[in-house]
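In: 3D, please:
(one chain, ligands or ions: 1)
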Amino acid sequence: MKKAKNKRIAIFLDYDGTLSPIVDDPDRALMSDSMRSAVKNVAKYFPTAIISGRSRDKVFDLIGLTELYYAGSHGMDIMGPNCVKSIDNKQDKEVKLFQPAKEFLSMIDEVFRTLVENTKAIEGAKVENHKFCTSVHYRNVEETNWPLIAQCVHDILKDYPRLRLTHGRKVLEIRPVIDWNKGKAVEFLLESLDINNKDDVLPIYIGDDRTDEDAFKFLREENRGYGILVSPVPKETKAFYSLKDPSEAYFNTAIPLDPVLRRRIPDFRQALSRIREQRSTENIGQDTPPEYLMTLYDFTILKFIPERRSNLTVRSSFHGLRKRIDNFDEWLNLTDETLSWNEKLLLLGLHKEKFLKINLILLFANQGNEQTNMPESSDMNEETRPPRLGNHGFSHDNERNPRNQPRISDLPPRHPQRPSWADRDNGRRLSFSDGSRPSNLVICYKLPKQFPVIRASSGSSSSIDTGSGSELEAISTFSEIVPDTVIFDDFEKFPPTAATVSSSLLLGICGLPDTIFRNAVDMALADSECCKLENSELRLSCFSNKALVNVGGDLAKLVPGRVSTEVDARLAYDTHGIIRKVHDLLKLYNEIGVPPERLLFKIPSTWQGIEAARLLESEGIQTHLTFVYSFAQAAAAAQAGASVIQIFVGRIRDWARNHSGDPEVDAALKRGEDPGIALVTKTYNYIHKYGHKSKLMAAAVRNKQDLFSIVGVDYIIAPLKVLQSLKESATTPGDKYSFVRRLSPENAARYSFSKEELTKWDQLSLASAMGPAAVELLARGLDGYVNQARRVEELFGKIWPPPNV
Ligand SMILES: O=P(O)(O)OC[C@H]1O[C@H](O[C@H]2O[C@H](CO)[C@@H](O)[C@H](O)[C@H]2O)[C@H](O)[C@@H](O)[C@@H]1O
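Out: Down below sits the predicted model:
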């Protein structure tokens, strides 16, 4: 409205994907009644034109508003003032037309008919005649047949050198080579409507497609007005603003795009004006300095831990929700699918009830690459910082820092200035007086001293809610329980304590419509450094690294423990390759402000992997050696000083069920022991008896008995079902599995190892000591990881550049 002050607005609208949703059948792309009445209403006040790829007749049929100007065939068929008079059959009246490609009429018709014929055997193909251009749709064609469609179109073009090809949303369009497009059509209409004066008129163009870019470009380059892109995903665009999809409230909210990253920067004016409404009573407002900050991490804690928010009330009065929310849970449970978690945060107004005194809510989701200058929540002083859960998961060394809440109250805030709004590049941006900009979603608020704390059960190092008097509570006294989950979104009952970011997690994120991590992946795919790389292999590897790190960065805000990042398993036999990869990942983590002490790097336990771990640990980089299936690997990993050693209990047992001939497995079975449990026990004893620093993690734990048998091991990754069952079972004295600590330093001291087992492991001794179980399981594990890494790259290859679908 500010830009339009003292100017007349002119509105230009594309049809498909802008006024109507994209659907499979182009004939059923209908615009809603509410959209029609919105357009009708707009046309009452502003000259309004439709600029569509469809034929003018078709688009008029679909919209049916006579008060608009229509340009069909991508602007090659304009009906407007100052055009040539002719009779319009549809409207049954004399109209004025401008048709710069008139001479191509019969050629297009011919091409249309040939294409109908040539594609008739391709199931799902649809050809449309738009008078001055023709479209071949492949939205409903099996992907394997897309090349056939492309071939048909290319064959035609060979015969018609005066026609050219453009690409729309799952549609190939053939049109005359003339220098005419939607941008020219806008220019033409501005002139013919006599609203061509830059100083008096502000044109606004809303469109979703590549063909609309010509119009965005014209408005931007001529400094005329504003393009608004309708797109749910970030795209390279010349538009200034974006809307997610046609259902977004047009003419109410458009979100400024970051001119560099082409991402949506929420417009806070609306949010702030709502906050201002409450200001008189609650002292909330944009002038209040941000005294204390709450990051997405802290906020997610509120999401996952209901007890933490028992005294919180939330008010949100976003018009889109058409509802006033007075309760946090109700707000969280809103099923409005159009709002992502982040968007909900943006619209949130927190309100003090008993514990929270909020001075300022300042929300922004700027995705810039700049270093953040806003303090992290860890910078808060002890009084004001929301306490983290329990004793901080497997990321922290409880012995050295039992409370793990550094006193930093003496430190001055890193960014004492008030942020201020500035108009930059035609977009409103929040920045500090030194020009720096924050890069995380941040909520500023002030916390009281009495912020409620949830305590993990007695002495436990676990931060999950174990349930009082339950078996889970008993086990958690001795081992840290890490819930086994892939995506944390549905993780209400057992909030994550530590996390692994892997190819399989990336596949999970990409496979789900809306997770809080999706943005991290989208950002990776929009990364300009990676996009620049011409070699597709390097580009995809760059995207994967970025995606892993971006998701890892989000996880680091979410979990109190360490985030373990999977190192590409294709490097499993290349020590220096692994080291290089870890250095690259660390550098990226550093760029987004995640310190090395919050990180582990997950490396397969090949000899080369173990060697890489040794060298990395000597640099102070924490490693997590996985796929340990034999004592030789475990002992070599401990000697290398790996921070975490991971053994898959159930996988070894499964192998033993169907195979024989592995001396280590056979020996355990002969002793009447489970071979997986036996390996965990022996490794624990070795680490403790000989004073290695490694922590031992037991994974692939299948049932409660598995857990009971290794109580005392440092970490147990347990399936949610098992956790639930443990939580629901009350402990009874004399229980079959009385909660004796099975693994302890005392027991370890009494354990005897053979001379061979105490060797200084090297490549040769490791290779000869690894039995068939370890060899096969390691190979199987590597295959799985390699396969997933490839699938991620394939997927990224398909969705980059961002699809115009
Ligand atoms: O410029 P527009 O008004 O956006 O028209 C562009 C094309 O829109 C139509 O195709 C698109 O929408 C269809 C219906 O939702 C969808 O099935 C198709 O995949 C999209 O490409 C129209 O059918 C095309 O001829 C237009 O060129």
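In: CA atoms for contacts and neighbours, from now on please.
Out: Noted.
In: show me what the one helix or strand residue 62 maps to is packed up against.
Out: Following DSSP states H and E, one finds residue 62 within helix 56-63. Taking 3 or more CA pairs under 8 Å, 6 or more residues apart in numbering; DSSP states H and E as the contact definition, the neighbouring helices and strands of helix 56-63 are strand 69-72.
In: check which helices and strands the strand it packs on is in contact with.
Out: Other helices and strands packing on strand 69-72, by 3+ CA pairs under 8 Å, 6+ apart, are strand 48-51, helix 56-63, strand 77-88.
In: for stretch 217-236, buried residues please.
Out: Neighbour-count burial for stretch 217-236, counted by 16 or more other CA atoms under 10 Å, picks out 217-220, 224-231, 233-236.
In: picking that back up, least reliable of the helices and strands packed on strand 69-72 going by mean pLDDT?
Out: Out of those, the stretch the model trusts least by mean pLDDT is strand 77-88, with a mean of 70.
In: any stretches of the stretch 651-800 of the chain with poor pLDDT?
Out: Counting by pLDDT under 70, the stretch 651-800 of the chain shows low-confidence ranges at 730-739, 800.
In: hey, where'd the helices end up in it?
Out: Taking DSSP state H, counting those that start in this stretch to define them, one finds helices in the stretch 651-800 of the chain at 663-670, 675-689, 704-709, 720-728, 745-750, 763-769, 772-799.
In: looking at those helices, which is nearest to the ligand?
Out: The ligand lies closest, by CA to the nearest ligand atom, to one member of those: helix 772-799, at 16.9 Å.
In: against which helices or strands is that closest one packed?
Out: Partner elements for helix 772-799 (3+ CA pairs under 8 Å, 6+ apart): helix 503-511, helix 536-558, strand 623-628, helix 649-658.
In: buried residues in it?
Out: With burial defined by 16+ other CA under 10 Å, the residues of helix 772-799 counted as buried are 772-774, 777-778, 782, 785-793, 796-797.
In: likewise for stretch 115-130?
Out: 115-116, 118-119, 125-130.
In: among those, which ones lie close to the ligand?
Out: Taking CA under 6 Å from any ligand atom as the test, the ligand is in contact with none of the buried residues of stretch 115-130.
In: restricting to C-alpha, output the helix holding residue 62 in PDB.
Out: Coordinates of the C-alpha atoms in helix 56-63 are reproduced here as PDB (Å, rounded to 0.1, in the frame of the first residue of the first chain):
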ATOM      1  CA  ARG A  56      -8.600 -16.500 -25.000                       C
ATOM      2  CA  ASP A  57     -12.000 -18.200 -25.500                       C
ATOM      3  CA  LYS A  58     -11.200 -21.000 -23.100                       C
ATOM      4  CA  VAL A  59      -9.900 -18.800 -20.400                       C
ATOM      5  CA  PHE A  60     -12.900 -16.500 -20.800                       C
ATOM      6  CA  ASP A  61     -15.200 -19.600 -20.500                       C
ATOM      7  CA  LEU A  62     -13.500 -20.600 -17.300                       C
ATOM      8  CA  ILE A  63     -13.600 -17.100 -15.700                       C
END
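In: who's in contact with it?
Out: Counting by CA atoms under 8 Å, 6 or more residues apart in numbering, the neighbours of helix 56-63 from elsewhere in the structure are 15, 30-31, 36, 52, 70-73, 77-78, 90, 130.
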